[in-house]
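S.K.: Compute the structure for the input listed below.
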Amino acid sequence: MERLDNGSPVPAHLRGGIVALGNFDGFHLGHQAVAGRAIARARAEGRPAIVATFDPHPKRFFQPQSGHFRLTTLDQRARLFAAAGADAMLVFNFASAMAGLSARQFAEQQLIAIIGAGGVITGDDFTFGKGREGDVATLAALGGALGYSAEVVPPVALDGETVSSSRIRQYLGDGDPRGAARLLTRPFAIQGPVQHGAKLGRQLGYPTANMDLANYLRPAYGIYAVRGRLADGRMLDGVANLGIRPSIEPPVELLESYFFDFAGDLYDQVIEISLIDYLRPEAKFDSMEALKVQMDADAAKARAALA
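M.R.: Residues are numbered from 1 along each chain as shown. As a prediction, this is how the structure comes out:
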């Protein structure tokens, strides 16, 4: 899969493609339905399939002081789009120039001039253009004038619940990673480089891979059963503390993962940690010995949950 941006027209072999258009943060069941429809149409019509996303998220541009809410990085989305069968991922740089485009200017300058879209597929809540002046009806009307087809994919429901990124964020904030995974079709995962730390875990017999949470949504702080994907593709079971480590001074927000039956140096490697089960909230302990006893219990509980 090729990875492109809107800084220049897409290559000739990708022009005339069917474009799945949206933010796709999380790439949950609803997003997968939009992308899947675009890919299916592209295959049926002998066209390339392009999944187009925005970075930074428009919410971050318009509300720079908003809290962390990201569910995926661009690298994670690229891997997910490729697995879905897309021929290319196109990233729209959402800055002042993009935010200032009218709906028609977006269609003319981005969908036609940059992509040369033959068709555009969106969800029914898609809006675009300055002040969100354009909706799916606008997109279709502009398509009739500019020469691309437009199609809307309805919301996806699972067990009577409409799938949405906001609902996934709520599940994660409530300490229910399995609920989030149902809507995502996979566990919520945090990817980043392993940092050097104070090595306190090593002293307790639990050497951890420490990661910054960066711009990811903050799930409920606590102890999780996790699976880690290493840079070489190996998958490891483990237990992790996500939070501020209240028993250790000074408080530092980290994701600290201990992998069972593993010995190796992971410093500076980019790994991905999937949150499988929430075991308990964070707690403060009066001594390192008490903390060690609880860590032993958490590890045993995590092994059982992952089994």
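S.K.: And the helices in the stretch 101-250 of the chain?
M.R.: Taking DSSP state H, counting those that start in this stretch as the criterion, the stretch 101-250 of the chain carries its helices at 103-106, 136-146, 165-173, 177-184, 200-203.
S.K.: Just name the most buried of these.
M.R.: helix 177-184 (a mean of 21; mean count of other Cβ atoms under 10 Å). Where you see a C-beta, it was placed from the backbone N, CA and C, and this is true even at glycine.
S.K.: what helices or strands is that helix leaning on?
M.R.: If contacts are counted by 3 or more Cβ pairs under 8 Å, 6 or more residues apart in numbering; DSSP states H and E, helix 177-184 sits against helix 165-173, strand 270-280.
S.K.: Tell me the helix or strand right after the longest one.
M.R.: It refers to strand 270-280. On the C-terminal side of strand 270-280, the nearest following helix or strand under DSSP states H and E is helix 288-306.
S.K.: right, and residue 123 touches residue 156 too?
M.R.: No. Using Cβ atoms under 8 Å, residue 123 is not in contact with residue 156; the gap is 9.1 Å.
S.K.: Touching both of those two, which residues are there?
M.R.: Taking Cβ atoms under 8 Å, 6 or more residues apart in numbering as the criterion, residue 123 and residue 156 both touch residue 30.
S.K.: higher neighbour count, those two?
M.R.: The neighbour comparison of residue 123 against residue 156 (other Cβ atoms under 10 Å) goes to residue 123, with 21 against 18.
S.K.: Run through the bridge partners of the more buried one.
M.R.: When bridges are taken as DSSP bridges, the partners of residue 123 come out as residue 153.
S.K.: Begin at 5 from now on, thanks
M.R.: Noted, 5 is the first residue going forward, which turns the last one into residue 127.
S.K.: Could you list which residues are in contact with the closest residue to residue 118 other than its chain neighbours?
M.R.: Excluding the flanking residues, the one nearest residue 118 by Cβ to Cβ, 6 or more residues apart in numbering is residue 10, at 5.0 Å. The contact partners of residue 10, by Cβ under 8 Å, 6+ apart, come to 94, 95, 96, 97, 114, 118.
S.K.: same thing with residue 183?
M.R.: Applying Cβ under 8 Å, 6+ apart to residue 183 gives the contacts residue 175.
S.K.: my guess is residue 82 meets residue 7, correct?
M.R.: Yes. If you go by Cβ under 8 Å, residue 82 and residue 7 touch, sitting 5.7 Å apart.
S.K.: Mutual contacts of those two, please.
M.R.: Common neighbours of residue 82 and residue 7 (criterion: Cβ under 8 Å, 6+ apart): residue 93.
S.K.: Those two: who's more crowded?
M.R.: The residue with more neighbours, out of residue 82 and residue 7, is residue 82; 20 against 14, by other Cβ under 10 Å.
S.K.: what about the more buried one, which SS state?
M.R.: Counting by DSSP: H, G, I helix; E, B strand; the rest coil, the backbone at residue 82 sits in helix.
S.K.: how close does it sit to residue 8?
M.R.: According to Cβ to Cβ, to the nearest Å, residue 82 stands 11 Å off from residue 8.
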